[in-house]
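> Provided below for reference: sequence and predicted model.
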Amino acid sequence: VQLQASGGGSVQAGGSLRLSCAASGRTVSSRTVAWFRQAPEKGREFVARVGWSGDSPYYADSVKGRFTISKDNARNTWYLRMNSLKPEDTAVYYCAAEWRGGADYSYWGQGTLVTVSS
């Protein structure tokens, strides 16, 4: 399975972006998928995940109420809608698929950079 993340860019604080992660090679529609991020000189942190049906999403406290994770199983793609962006959201965002527990996923995308300026 290959994961291709896209949609990153530069935005001013308060702005919005939508990240996409497209899976190829095998369907992941029945699997839990997620987004993580890694800010400069910091470790990778969990952002959001959603189960196979697209319901019961789970978010990190730092993004709750601002970010929305969703899935399009027909397209084997999931998204992260990010609103009210803050400078502290600046990071490389990674998508992941097939949750094994904790921060362990079977597959990871290459990352897409989000830069939020004040």
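Good, I have the coordinates.
> drop to CA atoms for contacts and neighbour counts, all remaining ones
Noted.
> quick one: the strands in this structure?
In the chain, the segments counted as strands under DSSP state E are 2-6, 9-12, 17-24, 33-38, 44-50, 58-59, 67-72, 77-82, 91-101, 104-108, 112-117.
> just the ones you listed: most buried one?
strand 33-38 (a mean of 24; mean count of other Cα atoms under 10 Å).
> residues contacting the residue most central in space within the chain?
Centrality entry for the chain: nearest residue to the mean C-alpha point is W35, 2.7 Å, by Cα atoms, centre = their mean. By Cα atoms under 8 Å, 6 or more residues apart in numbering, the contact set of W35 is 46-49, 80, 93-96.
> and K86, by the same measure?
13-14, 116-118.
> how much space between it and G43?
Per Cα to Cα, to the nearest Å, K86 is found 18 Å from G43.
> next one: G51
Distance of G51 to G43, computed by Cα to Cα: 24 Å.
> next: G7.
According to Cα to Cα, G7 and G43 sit 22 Å apart.
> between those two, which one's more packed in?
Legend: neighbour count by other Cα atoms under 10 Å for G7 and G43, higher for G7 (16 against 9).
> ok, the more buried one touching S16?
No: contact between G7 and S16 fails when scored by Cα atoms under 8 Å: they sit 10.8 Å apart.
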